[in-house]
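Chemist: Please work out how this folds:
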Amino acid sequence: MKRANSGEVAVITGASSGIGREIALVLDSVGYDTVLVARRMDRLLALSERMKNNTTIICADLSEQSECERVFEEVCDENVQIMVNCAGFGAVGSFSELPLERELQMIDVNVKAVHILTKLFLKKFKEQGSGRILNVASVAGLMPGGPLMATYYATKAYVCSLTESIAAELKSEKSPVTVSALCPGPVDTEFCDVAGAGFAMKGLTPKECAMYAVMETLKGKTIIIPPSVMKAARTASRFVPSAVTLSVISKYQNKKLN
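Modeler: Numbers count the residues shown, from 1 in each chain. Next up, the predicted model:
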């Protein structure tokens with residue numbers, strides 16, 4: 001994996017746990033200075049103690065637009081070369097029964113924050129003539145829908161669609177800037193605890209997922225699907241009617257609840 005030049009900075013949201021935490025560790029290991037963004041200061045401090053290079057901590061609630069803008073303002077004068085949008089969460093349950101407030105918060109973090117930070121950093125990267133954005137989505141975003149996780153699937157579909165569209169624009173402009181979407185299947189993180197579910201199949205470790213994500217991001221890959229059974233599932237979904245796929249997903253989500 002290519003090492004960073006001295007002074008190059010990577011910003012990682014959702015860095016306090018799971019995939020975001022592991023991506024931060026991987027980027028630090030290849031020479032990037034890091035800016036760690038999350039709500040939980042204690043976890044950010046603990047992570048910063050493991051870093052070998054310069055580390056800055058920003059405690060922020062990215063469900064608020066002003067907080068997203070503050071994060072950008074605090075780093076906009078730095079030599080940021082990688083922006084990782086990893087903050088996000090899910091919830092399992094019937095669409096009619098999940099609390100609306102919880103779903104709107106999910107949309108704010110999974111969609112609005114990603115949209116704002118992608119736009120702000122994309123403008124910066126285009127002006128400086130370099131930079132890579134990694135939006136952490138999910139293989140859920142490549143599916144026709146997700147019964148019992150309808151809002152979560154929809155938010156990740158937005159991230160995938162947005163990323164692919166921006167990537168096409170950059171390609172047509174012959175820009176050196178790249179934007180990628182990480183679309184993992186099950187990963188052994190705190191996701192299930194927050195969502196109120198359990199995975200119905202064995203997941204990747206966060207470290208395995210992070211290593212693959214960083215490697216492919218640095219190559220400029222647009223849609224990144226870590227090697228797993230979910231890659232085969234995505235391929236199969238192209239050739240199976242949506243009604244059948246939705247039925248299978250519904251059964252899978254019911255297993256999570258149990």
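Chemist: mind checking the end-to-end distance for stretch 165-181?
Modeler: 11 Å (Cα to Cα, to the nearest Å).
Chemist: Could you check which helix or strand contains Ala87?
Modeler: Ala87 is part of no helix or strand when elements are defined by DSSP states H and E.
Chemist: Give me the local confidence score for it.
Modeler: Per-residue pLDDT puts Ala87 at 97.
Chemist: List the contacts of the residue lying closest to it once chain neighbours are set aside.
Modeler: Nearest non-adjacent residue to Ala87, counting by Cβ to Cβ, 6 or more residues apart in numbering: Gly14, 3.6 Å away. For the C-beta atoms, the positions are set from N, CA and C on the backbone; glycine is no exception. Gly14 makes contacts with Gly20, Val37, Ala38, Asn85, Cys86, Ala87, Gly88, Val136, as judged by Cβ atoms under 8 Å, 6 or more residues apart in numbering.
Chemist: Please report the distance of the fourth one from Ala113.
Modeler: From Asn85 over to Ala113 the distance is 7 Å, taken as Cβ to Cβ, to the nearest Å.
Chemist: more crowded one of these two?
Modeler: Legend: neighbour count by other Cβ atoms under 10 Å for Asn85 and Ala113, higher for Asn85 (31 against 25).
Chemist: Go ahead and confirm the more buried one touches Val136.
Modeler: Yes - Asn85 lies in contact with Val136 (Cβ atoms under 8 Å); the separation is 6.3 Å.
Chemist: which residues do those two both contact?
Modeler: Here Asn85 and Val136 share the contacting residues Gly14, Val159, scored by Cβ under 8 Å, 6+ apart.
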